[in-house]
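S.K.: coordinates only, sequence not included:
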């Protein structure tokens, strides 16, 4: 794993980040270590405790997308959590990600979310996620046939007292829907390869 510390100075930042990256909460030991960012960019002016809490909350929540462990989501999210880019039909608050995870894990049981990069600045953490897996479950009444799933997402978390209070997120849903066959892929002639527009 390549971890990059930018805008960070001295051993204090490196020690705080290393402690955060290496320590999984014992309550989640059964699900393995928390996801680790391939690249970590940290604002060195932040107090060490704040940096560590923010990195831990983000890693915990990002790990939840792989495990589907509700305890991880509840530990990462504040009770008054607000989804600032709430998709239609998804409940607001903590219930939203829990519901979304259940639907996604039903479709892609082996889903894995890698943190390609994480940027920590002020009260925000930005994570760039890479989701992979296989569509072996069901989605919108369609049974998967093992199709590979591979798409990206970006989240901007506002974190207060070690909990994510707000999230602005954008997923490459079109790629996912194309991969599971829910919508057609477009060819060079402007027509869907399935002959329809999803």
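M.R.: In hand now; what should we look at? All values derive from a computational prediction rather than experimental measurement. Residues are numbered from 1 along each chain as shown.
S.K.: tell me the pLDDT at residue 144?
M.R.: If you check residue 144, the pLDDT there is 97.
S.K.: ok, it touching residue 137?
M.R.: Yes - taking contacts as Cβ atoms under 8 Å, residue 144 lies within contact range of residue 137: 5.7 Å. In short, each C-beta sits where N, CA and C put it, glycine included.
S.K.: Three-state assignment for the spatially most central residue of the chain, please.
M.R.: In the chain, the residue lying closest to the centroid (Cα atoms, centre = their mean) is residue 62, at 3.9 Å. What DSSP: H, G, I helix; E, B strand; the rest coil gives for residue 62 is helix.
S.K.: returning to what we had before: where do the contact lists of residue 144 and residue 137 overlap?
M.R.: Contact criterion Cβ atoms under 8 Å, 6 or more residues apart in numbering; residues shared by residue 144 and residue 137: 107, 108.
S.K.: quick revisit: quick check: the residue nearest to the centre of the chain vs residue 180, distance?
M.R.: According to Cβ to Cβ, to the nearest Å, residue 62 stands 22 Å off from residue 180.
S.K.: Equivalent analysis for residue 166, please.
M.R.: From residue 166 to residue 180 the distance is 29 Å (Cβ to Cβ).
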